[in-house]
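Visitor: Give me coordinates for this.
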Amino acid sequence: MSLEEVAIGEVQPDLVQPLLKAWFSGGSDGGCPSVSAIKPFLVPALVPNIMLLEPAGDSFVYRVVGEDLQQLAGRNLRGLTVRDLYGETDYGRMIEAHYRQAVADRRPIHLEDRYRRPQDGLTLATWRVVMPYATDGAVTRLLAVQTFEDGTEPDSLPVLPEAAAVRRMCRVAAP
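Guide: From the prediction side, this is the model:
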C-alpha cells in the first residue's frame with residue numbers, strides 16, 4: 001500500500017512525538033529498533049493509552065494494555081487477539097491491516113479515525129501510532145499509542161465494531 005509520509009512534528013497528539021524520536025534513534029535490527037529499545041514509560045502521561053502487541057499468525061495478541069484503553073473496551077484485553085475483541089468485522093480487519101502495514105513497512109504508522117460506539121452512541125475521534133520492534137531481524141512486537149477525544153460529528157459516523165472511518169493513515173518520516 002502506498003502511503004503519504006508525515007513528519008514527526010505533524011503527528012498528533014504532540015505527546016507521542018518523543019516516542020517516535022526514540023524509535024528512530026533506537027538502533028536497527030533489520031530496519032527497526034530492537035525489542036530491547038522499547039520505552040513505554042518514556043512519556044508517563046501516555047502510559048494509560050499504550051498497547052504492546054505481538055504478531056500471532058494472521059492476528060495480533062494484546063500483551064500490555066493501558067488503563068484508559070481497558071476502560072474504553074470495558075474489559076481486560078491482555079492475552080486477547082484483535083479477532084477475539086472485534087470478531088470478523090470490518091473494524092477488526094482494519095485494525096489488523098494497520099498493524100500488518102507497520103510490520104511490512106518496518107516503520108511507524110500514524111492513523112486518525114472517527115466512529116460511534118453502538119452501546120452508548122458515544123462518538124470518538126482517535127489517533128493511533130503503531131511502532132514495530134524486531135528480534136533477530138523479524139518484527140516481534142508493536143508498541144501502539146491510542147488517544148481519544150469526544151467527537152462531536154453527526155450520527156452519520158460508522159458504528160463500531162462493524163465499521164470505522166479512517167480519515168488518514170500515514171507512514172511517519174524519518175527526522
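Visitor: Tell me, how many residues neighbour the closest residue to Gly31 other than its chain neighbours?
Guide: Excluding the flanking residues, the one nearest Gly31 by CB to CB, 6 or more residues apart in numbering is Arg106, at 4.0 Å. In short, each C-beta sits where N, CA and C put it, glycine included. Around Arg106 there are 17 other residues, counting by other CB atoms under 10 Å.
Visitor: Over to Glu149?
Guide: 10.
Visitor: ditto for Ser28
Guide: For Ser28, using other CB under 10 Å, the count is 13.
Visitor: what's the answer for Met94, then?
Guide: The number of residues packed near Met94 is 19, by other CB under 10 Å.
Visitor: which residues in the protein form helices?
Guide: 17-24, 67-73, 82-86, 90-105 (DSSP state H).
Visitor: Which one of those lies nearest to Val61?
Guide: Set against Val61 and scored by CB to CB, the helices of the chain come closest in helix 82-86, at 8.4 Å.
Visitor: Could you list every helix and strand that the closest one packs against?
Guide: Secondary-structure packing of helix 82-86 (3 or more CB pairs under 8 Å, 6 or more residues apart in numbering; DSSP states H and E): strand 59-65, helix 90-105.
Visitor: By mean pLDDT, show me the worst of the ones you listed.
Guide: Note on the helices and strands packed on helix 82-86: helix 90-105 shows the lowest mean pLDDT, a mean of 90.
Visitor: Look up how far Pro108 lies from the residue lying closest to Ile8 once chain neighbours are set aside.
Guide: Using CB to CB, 6+ apart and skipping the chain neighbours, the partner closest in space to Ile8 is Leu20 (4.9 Å). Distance, Leu20 to Pro108, by CB to CB, to the nearest Å: 6 Å.
Visitor: anything in contact with each of those two?
Guide: Val129, Met131, Val172 (CB atoms under 8 Å, 6 or more residues apart in numbering).
Visitor: Does the first one touch Pro108 like I think?
Guide: Yes: the pair Val129 and Pro108 qualifies as a contact (CB atoms under 8 Å) at a distance of 6.0 Å.
Visitor: Just give me the residues shared between the contact sets of the two.
Guide: Counting by CB under 8 Å, 6+ apart, the contacts common to Val129 and Pro108 are Leu20, Val172.
Visitor: mind listing the strands in the protein by residue range?
Guide: 4-6, 50-56, 59-65, 109-116, 123-135, 138-150, 165-172 (DSSP state E).
Visitor: Using a markdown table, please lay out the ones you listed together with distance to Asp90.
Guide: Output for the strands of the chain, formatted as a markdown table (distance: least, CB to CB, whole Å):
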| stretch | distance to Asp90 |
| --- | --- |
| strand 4-6 | 23 |
| strand 50-56 | 20 |
| strand 59-65 | 15 |
| strand 109-116 | 11 |
| strand 123-135 | 16 |
| strand 138-150 | 18 |
| strand 165-172 | 11 |
